[in-house]
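**Q** here's a sequence, model it:
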Amino acid sequence: MKKKAIRPVAEKGAAGASALNVRQRKRYCYFCKENVDYIDYKNITVLKKFISDKGKIRPKRSTGNCVQHQKMIASAIKRAREIALMPYFKR
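**A** Predicted coordinates for the structure are as follows:
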């Protein structure tokens, strides 16, 4: 007989137990849902949703965008920064 490996079981009162049991729902790409083909660099209200407080471009895992639209967002933000429609960083 093989011995089974014993996994440590977290107690209900433990601080880390709640993080193990909670699953985060999957985020869907906003642009795929709305059938957007082109992300306009002049539409700053949409682009501001994908920038952090410090002015960095948010990663795909936090926004939920697909790879294609994340690349389009990054290039649109960079274009908008180049023509001074958006700041490079915030203080």
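
**Q** name the SS class of residue 36, please.
**A** Following DSSP: H, G, I helix; E, B strand; the rest coil, the label given to residue 36 is coil.

**Q** for it, give me its contacts.
**A** By C-beta atoms under 8 Å, 6 or more residues apart in numbering, residue 36 lies in contact with residue 69. (Glycine included, C-beta is placed from N, CA and C.)

**Q** could you check the pLDDT of it?
**A** pLDDT recorded at residue 36 is 91.

**Q** same question, residue 73
**A** Note for residue 73: predicted pLDDT of 97.

**Q** from the contact counts, what lies against the longest helix anywhere in the chain?
**A** Selection of the longest helix in the chain by residue count, based on DSSP state H, yields helix 67-82. Counting contacts by 3 or more C-beta pairs under 8 Å, 6 or more residues apart in numbering; DSSP states H and E, helix 67-82 is packed against helix 30-33, helix 44-47, helix 60-63.

**Q** now do the buried residues in stretch 33-43.
**A** Going by neighbour count (16 or more other C-beta atoms under 10 Å), the buried part of stretch 33-43 is 39, 41.

**Q** list the contacts of the longest helix of the chain.
**A** Contacts for helix 67-82 (C-beta under 8 Å, 6+ apart): 29-32, 36, 38-42, 44, 47, 50-51, 57, 60, 63, 65, 86-88.
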